[in-house]
Structure formats: C-alpha cells, structure tokens
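Peer 1: dropping a prediction and its sequence here:
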Amino acid sequence: MSFPGIPSLDAVVMAFIQTHFHNTVTDTVFPIITSLGEAGIGWIVLSLVLLCFKKTRRTGGLVLIAMTVTLLFGELTLKNIICRLRPCNVFTDFPMLIARPTSYSFPSGHTSSSFAAALILTLRHKKVGWLAYIPAVLIAFSRIFLFVHYPTDVLAGILLGTLAALLTYFAAKAIQKRQAEKRTAQI
C-alpha cells in the first residue's frame, strides 16, 4: 500500500497501520472509540460530572477551558489557515468505516481536546489522572486508523492539546495565587 504525494513520514506510518492493524475487532472498535472524541463529547460529559462535586469542580472547569482553547486555536484558526485536506478526501476511493469528515485535517481536533483533558486531569489528580491518557491515545490512534488524519495532524493535536492544558493550568494557578495575595493583604 502506498500513498503518493504524502510526505514520507506520514505515508510510511499510514501504510503500516492500514496494512497491519485492520481486522474484524479493530474495524468495529475504533469507530466507537473515535465517536467518544467527536466534538469532545466524552470529555465534556466527564467535565460536567466533575463540575457536580466540590472536590473536582475546578478540574472540570479547567478541562472545559483547555478544550475551548484547542477549539479556538485548532478548529477555528489553524485548520482554516492551513487548509490541509484529509487523507480520505485526497484518496477518495479508500474504503471508509465512518462518514468522511468535511472539515480540514490539520491539527486533529479529537486529539487536541483529548490530550488537553488528559493533561489537566493528570496535573490536578496525579494518582488517577494519568488514566485519561488511555482513551486519549486510543482516540488519537483511531483518527489515523480510520484514515481521517495524517500522523502529523495527530502529533500537532498532541502538541496543541498539551500547550492548551499547560496554559490553562498555569494561568489558573497564577489567578489563584493573586487572589490569595489580595485576601492576605486585606487582613
């Protein structure tokens, strides 16, 4: 299997995945996994649950903020500046397991929102937060497996999600510190 016209790193990884990973189980499971990342719905639901409890309320809010940052910079800005066509829209005869997305490819929104959520969860809840990387990695891989993103789209999504989470987390810490200093000064 070859993908002429695609940068070599992307082509090699995509050909390997398309040749070696498809079977009855993965062809059934990965469309389900990718749907968890559709519009960040899985992460949004988790955030809404976290918002319901005082102990996790701040985490839920930070996840939603970090995901909003990825939406603004990834989906609404970078995708429309770079305008990279998805592999499934370049190779239109490729058999699809999900509907062909119509938006642009770079960066992967599923991946950026997943990694933003996973990093916030890890930073806020070190003992269990890292478990969020399991679905995040599976969602990211599913995008290449399902032929809707290039590997470099997914790598850019990981970077964007990580940066959005770090920006959100450290901005929140700075605001919290400033508020604590104001309260101390008033005493």
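Peer 2: Yep, it's here.
Peer 1: enumerate every residue touching the one residue sitting closest to the centre of the chain.
Peer 2: Taking CA atoms, centre = their mean, the centroid of the chain lies closest to residue 111, which sits 2.2 Å from it. Counting by CB atoms under 8 Å, 6 or more residues apart in numbering, residue 111 touches 37, 136, 139, 140, 143, 149, 153, 154, 157, 158, 161. C-beta coordinates here come from the backbone N, C-alpha and C atoms, glycine included.
Peer 1: not counting its neighbours along the chain, what's nearest it?
Peer 2: For residue 111, ignoring the flanking residues on the chain, the nearest one in space by CB to CB, 6 or more residues apart in numbering is residue 157 at 2.9 Å.
Peer 1: if we can go back for a sec, so which strand or helix has the residue nearest to the centre of the chain?
Peer 2: For residue 111, the element it lies in under DSSP states H and E is helix 109-124.
Peer 1: how about residue 62?
Peer 2: Assigning secondary structure by DSSP H and E places residue 62 in helix 57-70.
Peer 1: rounded mean pLDDT for that helix, please.
Peer 2: Averaged across helix 57-70, the pLDDT comes to 97.
Peer 1: and the angle for it with helix 109-124?
Peer 2: Relative orientation of helix 57-70 with respect to helix 109-124: 150 degrees, computed using axes from the mean of the first three to the mean of the last three CA atoms, to 10 degrees.
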